[in-house]
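[1] fold the following, please.
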Amino acid sequence: MPPPIIKMRHCIHWNCCKFGSFEEALMDENGLAVIGVFLKVGRMFDPSCLLPSCPDYWTYSGSLTTPPLSESVTWIIKKKAIEVDEDQLEVFRMLLFSQAGEDEERMVDNFRPLQPIMDRTVRSSFPKHFWQDMEKPLEDQMFHAHEQGPRQDTLHL
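    Below you'll find the predicted structure:
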């Protein structure tokens, strides 16, 4: 059984040519793009390779996972997790939410509860049969596929 997915790293982007500020992009339905990469315990991760080499991903329109939870995000979730070793994971566990001068608050248990799907469509960059090598928990809990052609699947969640 593969190691469990333990975290997700988010890289948040906005188009500074189209929007004057992050706050302005936050207000637009398509103002932000977030690349999410799953992390799992394994061998040491080389931070010079911030994204997994596998080009496969899922994408959908959604919201931020933190307040104000704006519906302004195009999510891009990489299919392949990157591995981090226990020492690197411990560094993540030591990260703080707090600002200088505030009581220290560790950045743990900072996940958003499962949300209703609403009427979202999730698309993949790879054909349905490639999903067989996904970690079983993600496949079982999140995805029910509906094939939409030779190079794209659409998921109706």
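[2] nearest the geometric middle of this structure, what residue?
    Residue closest to the average C-alpha location in the chain (Cα atoms, centre = their mean): residue 36, at 2.5 Å.
[3] so what's that one bridging to?
    Counting by DSSP bridges, residue 36 is bridged to residue 10, residue 77.
[4] residues contacting it?
    Taking Cβ atoms under 8 Å, 6 or more residues apart in numbering, we find residue 36 in contact with 8, 9, 10, 11, 75, 76, 77, 78. Where C-beta positions appear, they are placed from N, C-alpha and C, glycine not excepted.
[5] all strands for this protein, in order.
    5-14, 32-41, 57-62, 73-78, 82-84, 121-124, 145-147, 153-156 (DSSP state E).
[6] where does the protein dip in pLDDT?
    1-3, 5, 47-48, 50, 128-157 (pLDDT under 70).
[7] pull the longest helix from it.
    Longest among the helix segments of the chain by residue count, using DSSP state H, is helix 86-94.
[8] by contact count, what packs against that helix?
    Applying 3 or more Cβ pairs under 8 Å, 6 or more residues apart in numbering; DSSP states H and E, one finds that helix 86-94 contacts strand 5-14, strand 32-41.
[9] if we go to 10 Å?
    Contacts defined by 3 or more Cβ pairs under 10 Å, 6 or more residues apart in numbering; DSSP states H and E place helix 86-94 against strand 5-14, strand 32-41, strand 82-84.
[10] what's the last one in contact with?
    When you say that, I think you mean strand 82-84. Residues outside strand 82-84 that contact it (Cβ atoms under 10 Å, 6 or more residues apart in numbering): 3, 6-7, 9, 37-47, 49-54, 90-92.
[11] list buried members of those by neighbour count.
    Buried members of the contacts of strand 82-84, scored by 16 or more other Cβ atoms under 10 Å, are 7, 9, 37, 38, 39, 40, 41, 52.
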